[in-house]
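[1] okay, predicted coordinates and the sequence, questions at the end:
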Amino acid sequence: MGYIIEVLIPTVWQRLIELLEAPAVNPSMIWMITPLIVALVLMTFYFGKWTRDELGWNTAVGNSIVLLFVSIDLFRYVFNLSSPGSIINYELHPISTIICIIVAVEAVTLMLTSFFKALPKSITFFICAPLPVNLQAYIAISIVYTNITLDWFTLLAVIVLFIVLYFFVKLLQFGERTFIKLARKQSIEELEEEKRLARATIKEAEEEKRELKEQEKKEKVVEKALQKKPSKKTKKKRK
């Protein structure tokens, strides 16, 4: 218990902070992580709005290609660690090289399994979802670009970060759905109010029309009565 409180939790927390502060340590990685963040945010709100939509095999292939592009950039970064760039850098930086290889192999594997639908849909769609793919890409970029120590503490920090982001994404989607429902409900209420006002207006118009017809009938009756009633001059002539 003392190890967990005194060593494990503080170390994992420190690695988590290092992962989050990686863009500040090496700003050049911002060019790579910005599209990942934008894609993650857009897809989060997309699936929050369209809850019946699922990932799709074609999207799974596309997300795996994202990992492939990230691995290519990581290979480029390691190659250019010296000036001029040299292939010897892959030997001088074995951890970064291993991460590059792992990301590339994973990207190709996911791309092929998604393309040929080799794995069950539920497994493939979870692995190739925007959050797992973009988070893996971010972690790989952070470790290679900032030389974060790769050990069990870092892996635990990654797991914690994934769990936190997962629930944060779900919370965002829940908030989005709630907002949409409230907006839709308000729109329906406004539409019902407009219908009620329209019905009231139509009713008033019908009443006015009915009163006008009754008035016309009365005028016709009076007019007929006047036509039938003989005038005084006519009576005198008859006498």
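    Thanks, I have the structure now. A quick note: this is a predicted structure, and the numbers were derived from the prediction, not measured. Numbers count the residues shown, from 1 in each chain.

[2] element containing K185?
    If you go by DSSP states H and E, K185 is part of helix 152-228.

[3] helices and strands around that helix, which ones?
    helix 9-20, helix 30-49, helix 130-146 (3 or more C-beta pairs under 8 Å, 6 or more residues apart in numbering; DSSP states H and E). Any C-beta I mention is one placed from the backbone N, CA and C, and that applies to glycine too.

[4] tell me the buried residues in the last one?
    Within helix 130-146, the residues that count as buried by 16 or more other C-beta atoms under 10 Å are 130-146.

[5] if we can go back for a sec, of all the helices and strands packed on helix 152-228, which lies closest to K203?
    Counting by C-beta to C-beta, K203 lies closest to helix 30-49 out of the helices and strands packed on helix 152-228; the figure is 39.2 Å.

[6] pLDDT weak spots in the chain?
    229-239 (pLDDT under 70).

[7] returning to that earlier point: among the helices and strands packed on helix 152-228, which is nearest E194?
    If we rank the helices and strands packed on helix 152-228 by C-beta to C-beta, the stretch that ends up nearest is helix 30-49, at 25.5 Å.

[8] helix or strand next in line after that closest one, which one?
    Following helix 30-49 in sequence, per DSSP H and E, is helix 57-79.

[9] that following helix: which residues count as buried?
    Buried residues in helix 57-79 (16+ other C-beta under 10 Å): 57, 59-68, 70-71, 73-75, 77-79.

[10] and the residue at minimal distance from the centre of the chain, how far is that from E208?
    Nearest to the mean C-alpha position of the chain, counting by C-alpha atoms, centre = their mean, stands F45 at 1.0 Å. As judged by C-beta to C-beta, to the nearest Å, F45 and E208 stand 51 Å apart.

[11] swap in N147?
    N147 is 84 Å from E208, where distance means C-beta to C-beta.

[12] more neighbours: the two, which one.
    When N147 and E208 are compared for neighbours, N147 comes out ahead with 15 against 10, by other C-beta atoms under 10 Å.

[13] count of neighbours near the closest residue to that one other than its chain neighbours?
    Computed as C-beta to C-beta, 6 or more residues apart in numbering, the closest residue to N147 that is not its neighbour in sequence is S96, at 7.8 Å. For S96, the neighbour count with other C-beta under 10 Å is 22.

[14] cool, and the one 3 residues further on?
    Other residues lying near I99 total 20 when counted by other C-beta under 10 Å.

[15] and the helix or strand hosting it, what does it pack against?
    Taking DSSP H and E as the criterion, I99 maps to helix 94-115. For helix 94-115, the elements it packs on are helix 57-79, helix 121-127, helix 130-146, judged by 3+ C-beta pairs under 8 Å, 6+ apart.

[16] residue contacts, T124?
    57, 60, 110, 113-114, 117 (C-beta atoms under 8 Å, 6 or more residues apart in numbering).
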